[in-house]
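# what's the 3D shape of this:
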Amino acid sequence: MAETPGTAGSGAAAANGYTTSNAHGKKDGVCVMCGIKVGAFLATTCDEGVIHNECVAAYRRKIIERCAHCDQPLAKNRTIIKKDGKDVKLHPECLDDYRAGRKWEPPAMTGMVRKMAVGRSKWCGSKNWKDRFFVINQATKALVYYASEEAYRTGQNMKNMAAITDATRLVTKPTKFIHPQATNPSTQLIVVFKEGGQDLRLLFECKDWKEKDEWQRVLSCYIKDIDNPLDLEEKYNK
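Numbers count the residues shown, from 1 in each chain. This is a model prediction of the structure:
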């Protein structure tokens, strides 16, 4: 489905063709994504009507056009070819690999990054910043981190990780309303991931905006739900 920009009214925020009002809560109607009555479940509104909060990620993915080879969002610069009588939309740089049947592999990345404790332990203070060596690649299936690069290179156990699943979200412009320790959207990112049925938030800080852009580019190849409007809800600041 083609990307269609939303028409946001007063007090609304639009991103990637998805418009949501600030009036989150209980609503009437049928969810435009799953077709189930909203009923007592929390919901919001999109361009097509009401939608369960839990369905927002799938809805956003449905309305954003993606490359048939790398599954990344398409911009205006695209190539369209015919296959089995249907249009196949691709990034120009993905065309040769797609025609050759080569499988796309997401990029890998490693590096020292300053991270905030994600609150797994009650003994961690609210301002527990530490330098960690981060690793992400096709084999890890998660954003994992080690005490140091040496620990990683010598095969020591990782310190912990942020699991990457369909429920994982990436926040590219963190503010204190999303995370109380977020101070600089130019250098910081937040990965919101599920653990034990709860949302945990990994806030990490790069040395400059260039490094942040590189991490953001790589993470977006693994995390499909980016800058979800629901992450601006007050409940994620508690």
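
# Tell me which stretches of this protein form helices.
Along the chain, counting by DSSP state H, helices occupy 56-63, 95-100, 149-153, 209-219.

# Just name the most buried of those.
helix 56-63 (a mean of 18; mean count of other C-beta atoms under 10 Å). Where C-beta positions appear, they are placed from N, C-alpha and C, glycine not excepted.

# What is that one packed up against?
Counting contacts by 3 or more C-beta pairs under 8 Å, 6 or more residues apart in numbering; DSSP states H and E, helix 56-63 is packed against strand 18-21, strand 42-46, strand 225-226.

# Just checking: what are the partner strands of the longest one?
Just to be clear, that refers to strand 42-46. With DSSP bridges as the test, strand 42-46 is paired with strand 25-26 (antiparallel), strand 49-52 (antiparallel).

# Go through these and find the least confident stretch.
The minimum mean pLDDT among these belongs to strand 25-26 (a mean of 56).

# Count the residues that sit near residue 222.
19 (other C-beta atoms under 10 Å).

# Please look at residue 230 and residue 43 and confirm they touch.
No: counting by C-beta atoms under 8 Å, residue 230 does not reach residue 43; the two are 10.5 Å apart.

# so what's residue 67 up against?
73, 74, 78, 89, 90, 91, 94 (C-beta atoms under 8 Å, 6 or more residues apart in numbering).

# Also residue 112?
Listed by C-beta under 8 Å, 6+ apart, the contact set of residue 112 reads 131, 132, 133, 134, 148, 149.

# among the residues you listed, which two are most distant?
Across the contacts of residue 112, the longest distance by C-beta to C-beta is 11.3 Å; it joins 134 and 148.

# out of residue 230 and residue 43, which sits in the busier spot?
residue 43 (24 against 19).

# what are the bridge partners for the more buried one, then?
Where residue 43 sits in a bridge, its partners, by DSSP bridges, are residue 25, residue 52.

# Go ahead and confirm residue 168 touches residue 228.
No: between residue 168 and residue 228 there is no contact under C-beta under 8 Å: 10.5 Å.

# Quick check: can you list the domain ranges of this structure?
Domain ranges of the chain: 12-63, 109-237, per automatic domain parsing.

# a markdown table for those domains, including distance to residue 100?
Converted to a markdown table, the domains of the chain look like this (distance: least, C-beta to C-beta, whole Å):
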| stretch | distance to residue 100 |
| --- | --- |
| domain 12-63 | 27 |
| domain 109-237 | 19 |
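
# just to revisit the earlier point, of residue 134 and residue 148, which one has the most company?
Under the criterion of other C-beta under 10 Å, the comparison of residue 134 against residue 148 puts residue 134 first, with 20 against 14.

# wait, what's in contact with the more buried one?
Contacts for residue 134 (C-beta under 8 Å, 6+ apart) come out as 109, 110, 111, 112, 113, 115, 143, 144, 145, 204.

# ok, now with 6 Å
111, 113, 145 (C-beta atoms under 6 Å, 6 or more residues apart in numbering).

# Dump stretch 190-197 to CSV, keeping only the CA atoms.
Coordinates of each C-alpha in stretch 190-197 appear next as CSV, following Å, rounded to 0.1, in the frame of the first residue of the first chain:
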residue,chain,number,x,y,z
ILE,A,190,16.3,4.5,22.9
VAL,A,191,15.6,0.8,22.1
VAL,A,192,12.3,-0.3,23.7
PHE,A,193,12.2,-4.0,24.1
LYS,A,194,10.1,-6.7,25.8
GLU,A,195,11.4,-8.7,28.8
GLY,A,196,9.3,-10.6,31.2
GLY,A,197,6.2,-9.2,29.6
